[in-house]
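In: Take this sequence and fold it.
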Amino acid sequence: MLELIELLKISVGKAKTLEEPWSEEQWESVYAEAKKQAVLGVCFKAIEALPEEQKPSRRIKVQWALAAEKIAKFNHLLDAHASEITKAMSALGPKSCVIKGQGLAMLYPYPDSRQSGDIDLWINVSHKQLVPVLRTNWTVGDVFYHHAEVKAFSDGTSLEVHFHPSWMNNPFANRKLMKWFDSNAPEQFENYFLDKGFSMPTVAFNCVFCMIHIYRHTLHEGIGVRQLMDYYYILQHSGSEERAVAFRTLKSLKMHRFVAAVMYVEQKLFSMDDKYLLCTPDKHSGSLLLREISMAGNFGHADSKTVQMEKGNIFVRAYAKFVRLSRFIPIAPSEVLWAPFFKIWQWCWRIKNHYC
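Out: Next up is the predicted model:
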């Protein structure tokens, strides 16, 4: 992980060279770690910027270049699909906004280098109104409190249609968050980019929303470097007032400990300047988060414990998930303690609305 961090700092312009040349084995290890953390594309840009004597062997460089090219092509495909689904939704009536992936890529110096996953479309319409429309036009899979899984593309590209961009386990914090989403929704849906063919959130919105996105995945699946790099670039494009407002909002959602942990990680991974911090970093909680990132990788796919949680009956899985979740009580006490109640409530909600 230390070597990957060295390459990450070059990718964001905080360094120009490696401290010393790496061996073939080191390069292979860094490639594997970059793949695990979903940052192969941005790291390849760093490799291209290295002096010739510090670059990897031709074999590794070609392997990396092919991966970077594949990432760029997939970004173009997702952009096209995002525009396509935006037009389709517009024809049906509701306005939409592409959240996370394709919108965040625009903040990177080389947008095509960001490794994307799926398309997330936010439509500020209730599930009772929206799900019937989705089912009439496409195949709808699982429906949860905040989104529905939709099969809209013949090539299998994943699409999640969101009624809410995210949620909180704590019902009191969740009520505040839903009000915040509703009050900020009009500006996001009007933030249309003609060259892309879809709307995407403002930086001010992402200062809050993407921190919550990191929060959610840290607690429930696992989080990787890619999401922390997303947030690094969000902060780089933000203004001081936007950051101040964002921290007040996140603090009202009882996330101040987690935010302090993220600020520590941002400095460790990318040497982020103090002026971009939302608050004072916390070394203790930040070290916990950094260990989780190193162990789990992108969305927890590299964490054997996370994979193991999906085995066994519903009660075994639920217990295993709560045991994992309890690790985060120091940085997210409210969310951890409310998690079992939210899970039960959502299960009842899905049954009531015939989504199971």
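In: can you give me the helices in the stretch 51-200 of the chain?
Out: Assigned by DSSP state H, counting those that start in this stretch, the stretch 51-200 of the chain shows helices spanning 58-92, 101-105, 127-137, 171-189.
In: and among those, the most buried is which?
Out: For the helices of the stretch 51-200 of the chain, average neighbour numbers computed from mean count of other Cβ atoms under 10 Å are highest in helix 101-105, which has a mean of 24. To be clear about C-beta, it is placed using only N, CA and C from the backbone, and glycine gets the same treatment.
In: now that helix, how far from the centre of its chain.
Out: Averaging C-alpha positions (Cα atoms, centre = their mean, to the nearest Å) puts helix 101-105 10 Å from its chain's average.
In: Also stretch 138-154?
Out: Per Cα atoms, centre = their mean, the centroid offset for stretch 138-154 relative to its chain is 19 Å.
In: pLDDT-wise, which helix or strand of this protein ranks last?
Out: The helix or strand of the chain with the lowest confidence, counting by mean pLDDT, DSSP states H and E, is helix 304-308 at a mean of 51.
In: ok, then the element right after that one?
Out: helix 314-325 (DSSP states H and E).
In: Which strands or helices does that following helix pack on?
Out: Contacts defined by 3 or more Cβ pairs under 8 Å, 6 or more residues apart in numbering; DSSP states H and E place helix 314-325 against helix 203-220, helix 304-308, helix 333-352.
In: Now mean neighbour count and distance to residue 61 too, for those, in TSV please.
Out: As requested, those are exported to TSV (neighbours: other Cβ atoms under 10 Å; distance: least, Cβ to Cβ, whole Å):
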stretch	mean neighbour count	distance to residue 61
helix 203-220	22	31
helix 304-308	14	31
helix 333-352	15	43
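In: how about CSV for those, with distance to residue 253 added?
Out: Output for the helices and strands packed on helix 314-325, formatted as CSV (distance: least, Cβ to Cβ, whole Å):
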stretch, distance to residue 253
helix 203-220, 8
helix 304-308, 25
helix 333-352, 9
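In: Show me the one of these that comes nearest residue 129.
Out: Closest to residue 129 of the helices and strands packed on helix 314-325 is helix 333-352 (Cβ to Cβ; 16.1 Å).
In: Can you name the residues in contact with the closest one?
Out: Residues from elsewhere that reach helix 333-352 (Cβ atoms under 8 Å, 6 or more residues apart in numbering): 143-145, 167-171, 173, 215, 219, 254, 257, 318, 322, 325-326, 328-329, 355-356.
In: swap in stretch 19-39?
Out: Stretch 19-39 is contacted from outside by 1, 3-4, 6-8, 11, 40, 43, 53-54, 56-57, 60, 63-64, 67, 115, 117, 224-226, 229, 293, 297-298, 301-302, using Cβ under 8 Å, 6+ apart.
In: Repeat that for stretch 275-285.
Out: 207, 211, 235-236, 238, 240, 243, 246-247, 250, 256-261, 263-264, 266-267, 330-331.
In: Just the buried ones from these, in PyMOL syntax?
Out: Paste this into PyMOL to select the buried members of these, with burial taken from 16 or more other Cβ atoms under 10 Å:
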select buried, resi 207+211+235+236+238+243+246+247+250+256+257+258+259+260+261+263+264+266+267+331
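In: Could you report the distance from residue 104 to residue 200?
Out: To residue 200, residue 104 is 8 Å away according to Cβ to Cβ, to the nearest Å.
In: Between these two, which contacts overlap?
Out: Common contact partners of residue 104 and residue 200 (Cβ under 8 Å, 6+ apart): none.
In: still on that earlier bit, now render the helices of the stretch 51-200 of the chain as a markdown table, adding mean pLDDT.
Out: What follows is the helices of the stretch 51-200 of the chain, written out as a markdown table (pLDDT from 0 to 100):
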| stretch | mean pLDDT |
| --- | --- |
| helix 58-92 | 95 |
| helix 101-105 | 89 |
| helix 127-137 | 95 |
| helix 171-189 | 97 |
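In: Tell me how far stretch 58-67 lies from the chain's centre.
Out: That offset, for stretch 58-67, works out to 26 Å (Cα atoms, centre = their mean).
In: let me fix that: stretch 130-148
Out: Centre-to-centre, stretch 130-148 and its host chain are 22 Å apart (Cα atoms, centre = their mean).
In: Which of the helices and strands packed on helix 314-325 has the lowest mean pLDDT?
Out: Mean pLDDT is lowest for helix 304-308 among those, at a mean of 51.
In: Tell me which residues touch the spatially most distant residue from the centre of the chain, please.
Out: For the chain, the residue at maximal distance from the C-alpha centroid (Cα atoms, centre = their mean) is residue 53, at 34.9 Å. Applying Cβ under 8 Å, 6+ apart to residue 53 gives the contacts residue 21.
In: Residue 32: neighbour count?
Out: Taking other Cβ atoms under 10 Å as the neighbour definition, residue 32 ends up with a count of 12.
In: mind listing what's buried in whatever helix or strand it lives in?
Out: Under the criterion of DSSP H and E, residue 32 resides in helix 24-36. For helix 24-36, a neighbour-count test (16+ other Cβ under 10 Å) marks 27-28, 30-31, 33-36 as buried.
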